[in-house]
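Q: Please work out how this folds:
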Amino acid sequence: MQRKFLRLPAFVLCAFLAFSPPSHALAPLAVIPSWYFVTSAVLHVAAAAAGLYYAMLPDRPATSSSDGSVSRPSSVAWIDLSTGKADLNEVSVTAQISHDNLKGVITANPTKYPNLKNALEYAVPPVDDTTKLGDVIRYNGQNYEVTRITGFSSGCVGTPGFQVIGGKLYYADQRGGYSGGVCQPGSQYRSVEFDAVSKPVSKPSTRPATPSEFASQISGGSGPVKPLYQQEIDKAFQDPNYVPVFTDDTTGLPFENPPQYRVATPSQVDAYNNKIQAQQAASDAAAASVASAQARSSAAGAAVDSARNAVTVAQGNYNTDPSAGNAQILADAQRALARAESDKADADAKLSEVDAKQKQQESDDLTLGDSGFSSDPYGDGSNFDLGVRFNQFVVDMKATSLFSLPNQFFSGIPSGGDPSVSFDGGRFGHHTFDFSTLFSAFTVLRSVVFICFGWLSIRIVALKGGGG
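A: Numbering: from 1, shown residues only. Below you'll find the predicted structure:
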């Protein structure tokens, strides 16, 4: 599938929140890794749904094939909230651009890709198999015309290339040559003679490179792209005029976007994160209330212990000396103990109340509720065969008692005999009712019920449950 790059929205959440660890940690926030938003790595894919993010993998160079096509290791990420929690999905993919598409990107904006532009030009040798008499080349700022070409001779020349001999320009065209000081078998050479002229150049110094020559320039033929061209290759992958092709690295097949209902949009991610943060704040508040109530209960318990000790001391003093003063001290201590026990009971009741609220809050936190997504009633959103689905439904239903219910329901309809019911109506007389007289009506009723069963069956099959 082909997708065109586009610029990602700048408001997408790409930073983590920093806060002290809470007593009850909720689900993590939905966050796309920040490296997907690095300017030099981000890929702009116009055809992708909002919430899909493509980026080139850092420190992974592009590679070139011998046909001049270029591949770039990349990754795609999205947040899936359809399960009620935030699932980060990442898939390793390879972005690919053919030689022709890359050439189109470069030639459309050559100043943006100067090194790649040069790689698209092949330096024509001054003498090659196409050289003929009358060709004009340029050498050291002067134009020269070919005036003589000798045939090939076996062997090697000492100095291949241009030489000036006796005021004339010569070119020793060597095929093969020396290796390790030894002239290699099969080596040949010839001489091409030039005269200086004022004619315009007819043999160009460059020509368009073939795909294999381009690949040889940028990668040595195939393999990692040379550092000189890497930055420009990355810019080409980000070019708004480029329509890339992505391949799934796991399957080797063209990468297909996930079903739209499984890709959370930025606004849905924001809503989810706001919900998580709100629940976290409520959870923290509940924990703080419990801590405060526990402290109050502990203080009230200490006050009760102190009041009981005071009563014990006052009771001992009164037993030793039952004076009016000691009696008053004992009475005051007992009243203080009663107040302390009442305060302790209130503190314990408050602690039970906030502890119950916290447990309910934690229970609510475990189920985040509706995340704004619903499962696609047709599975992955693709087309389906109604006939195949209906046949599978019949096979499944035959295994249940529901399948035979219509026959069981109607098998007892009387069609003759003596299905009579008699009853005594007292002053209104004795009456007899024969149900067999209603056979035709029951037959019609059976047909109506069968139609209803058929309609409900088709609805259940088509909607996978009959709802909606």
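
Q: ok, longest helix in the chain?
A: Criterion DSSP state H: the longest helix present in the chain is helix 266-320.

Q: Could you quantify the relative orientation of whatever helix or strand comes next after it and helix 266-320 as an angle?
A: Per DSSP states H and E, helix 266-320 leads on to helix 324-366 as the next helix or strand towards the C-terminus. Using axes from the mean of the first three to the mean of the last three C-alpha atoms, to 10 degrees, the inter-axis angle of helix 324-366 relative to helix 266-320 is 160 degrees.

Q: Any regions of the stretch 351-468 of the chain where pLDDT drops low?
A: For the stretch 351-468 of the chain, the stretches with pLDDT under 70 are 361-389, 395, 397-431, 433, 435-436, 438-439, 461-468.

Q: Please repeat the previous calculation with a cut-off of 80.
A: Scanning the stretch 351-468 of the chain with the threshold set as pLDDT under 80 gives 351, 354-443, 446, 457-468.

Q: which SS class is the closest residue to residue 168 other than its chain neighbours?
A: Leaving aside its chain neighbours, residue 168 sits nearest to residue 193 (6.3 Å; criterion: C-beta to C-beta, 6 or more residues apart in numbering). Bear in mind the C-beta positions are built from the backbone N, C-alpha and C, glycine included. State at residue 193, reduced to three classes by DSSP: H, G, I helix; E, B strand; the rest coil: strand.

Q: Return the helix or strand in this structure with minimum mean pLDDT.
A: One helix or strand of the chain scores below all others by mean pLDDT, DSSP states H and E: helix 405-410, with a mean of 56.

Q: Residue 80 versus the residue of the chain positioned farthest from its centre, what's the distance?
A: The C-alpha centroid of the chain is most remote from residue 323, which lies 86.1 Å away (C-alpha atoms, centre = their mean). Noted for residue 323: a distance of 82 Å to residue 80, by C-beta to C-beta, to the nearest Å.

Q: And for residue 275?
A: 16 Å.

Q: Now do the strands in the stretch 151-300 of the chain.
A: Secondary structure of the stretch 151-300 of the chain by DSSP state E, counting those that start in this stretch: the strands cover 153-154, 161-165, 168-175, 178-179, 182-183, 188-196, 206-208, 223-224, 245-248.

Q: neighbouring contacts of the fifth one?
A: Going back to what we said before, that points to strand 182-183. Applying C-beta atoms under 8 Å, 6 or more residues apart in numbering, the contact partners of strand 182-183 are 155-156, 176-177.

Q: any idea which of the residues you listed is closest to residue 390?
A: The nearest member of the contacts of strand 182-183 to residue 390, counting by C-beta to C-beta, is residue 176 at 76.3 Å.

Q: count of residues packed around that closest one?
A: 15 (other C-beta atoms under 10 Å).

Q: Skipping adjacent residues, who's closest to it in space?
A: residue 187 (2.9 Å).

Q: Let me see the contact set for that neighbour.
A: Per C-beta under 8 Å, 6+ apart, neighbours of residue 187: 154-156, 174-177.

Q: how far away is it from residue 180?
A: 13 Å.

Q: between these two, what contacts are shared?
A: Contacts common to residue 187 and residue 180, judged by C-beta under 8 Å, 6+ apart, are absent.

Q: Name the residues of stretch 203-221 that are buried.
A: Neighbour counts over stretch 203-221 (16 or more other C-beta atoms under 10 Å) mark 203, 209, 211, 213-219 as buried.

Q: Revised request: answer the last question for stretch 78-88.
A: Using 16+ other C-beta under 10 Å as the test for burial, stretch 78-88 gives 78-82, 86.

Q: so where does the nearest residue to residue 210 once chain neighbours are set aside fall, helix or strand?
A: In space, and not counting its chain neighbours, residue 210 is closest to residue 122: 7.3 Å by C-beta to C-beta, 6+ apart. Here residue 122, judged by DSSP H and E, is contained in strand 121-123.

Q: So what's the gap between the helix or strand just after that strand and the chain middle?
A: Remark: after strand 121-123, the chain's next helix or strand is strand 136-139, criterion DSSP H and E. Here strand 136-139 is found 58 Å from its chain centre; the criterion is C-alpha atoms, centre = their mean, to the nearest Å.

Q: Run the angle between the following helix or strand past strand 136-139 and strand 168-175 for me.
A: For strand 136-139, the succeeding helix or strand toward the C-terminus, using DSSP H and E, is strand 142-149. Calculated by the same axes, to 10 degrees, strand 142-149 forms an angle of 60 degrees with strand 168-175.

Q: Strand partners (parallel or antiparallel) of strand 142-149?
A: Strand 142-149 pairs in its sheet with strand 136-139 (antiparallel), strand 188-196 (antiparallel), by DSSP bridges.

Q: returning to what we had before: report pLDDT for the residue nearest to residue 168.
A: Note for residue 193: predicted pLDDT of 94.

Q: Hmm, residue 144 and residue 198 touching each other?
A: No. With contact taken as C-beta atoms under 8 Å, residue 198 and residue 144 are classed as non-touching, separated by 10.8 Å.

Q: quick one: which of the two has more around it?
A: Ranked by neighbour count (other C-beta under 10 Å), residue 198 and residue 144 place residue 144 first, with 24 against 8.

Q: give me the beta-bridge partners of the more buried one?
A: If you apply DSSP bridges, the partners that residue 144 bridges to are residue 137, residue 196.

Q: how much space between it and residue 175?
A: From residue 144 to residue 175 the distance is 22 Å (C-beta to C-beta).

Q: Neighbours of residue 353, how many?
A: The burial count for residue 353: 13, using other C-beta under 10 Å.

Q: Per-residue pLDDT of the closest residue to it other than its chain neighbours, please?
A: Nearest residue to residue 353, sequence neighbours excluded (C-beta to C-beta, 6+ apart): residue 293, at 7.9 Å. For residue 293, the pLDDT comes out at 77.

Q: Equivalent analysis for residue 152, please.
A: For residue 152, pLDDT reads 91.

Q: Let me have the strands of the stretch 151-300 of the chain in JSON lines, extended by distance to residue 102.
A: Below are these laid out as JSON lines (distance: least, C-beta to C-beta, whole Å):
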{"stretch": "strand 153-154", "distance to residue 102": "43"}
{"stretch": "strand 161-165", "distance to residue 102": "33"}
{"stretch": "strand 168-175", "distance to residue 102": "33"}
{"stretch": "strand 178-179", "distance to residue 102": "36"}
{"stretch": "strand 182-183", "distance to residue 102": "42"}
{"stretch": "strand 188-196", "distance to residue 102": "36"}
{"stretch": "strand 206-208", "distance to residue 102": "13"}
{"stretch": "strand 223-224", "distance to residue 102": "16"}
{"stretch": "strand 245-248", "distance to residue 102": "12"}
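
Q: worst average pLDDT in the ones you listed?
A: Out of those, strand 206-208 stands lowest, with a mean of 83 (criterion: mean pLDDT).

Q: give me every residue that touches the residue nearest to residue 353.
A: The contact partners of residue 293, taken as C-beta under 8 Å, 6+ apart, are 347, 350-351, 353-355.

Q: what about burial for the residues you listed, which qualify?
A: Judged by 16+ other C-beta under 10 Å, buried ones among those: 347, 350-351, 354.

Q: circling back: wait, isn't the residue nearest to residue 210 in contact with residue 206?
A: Yes. With contact defined as C-beta under 8 Å, residue 122 counts as touching residue 206 (6.2 Å).
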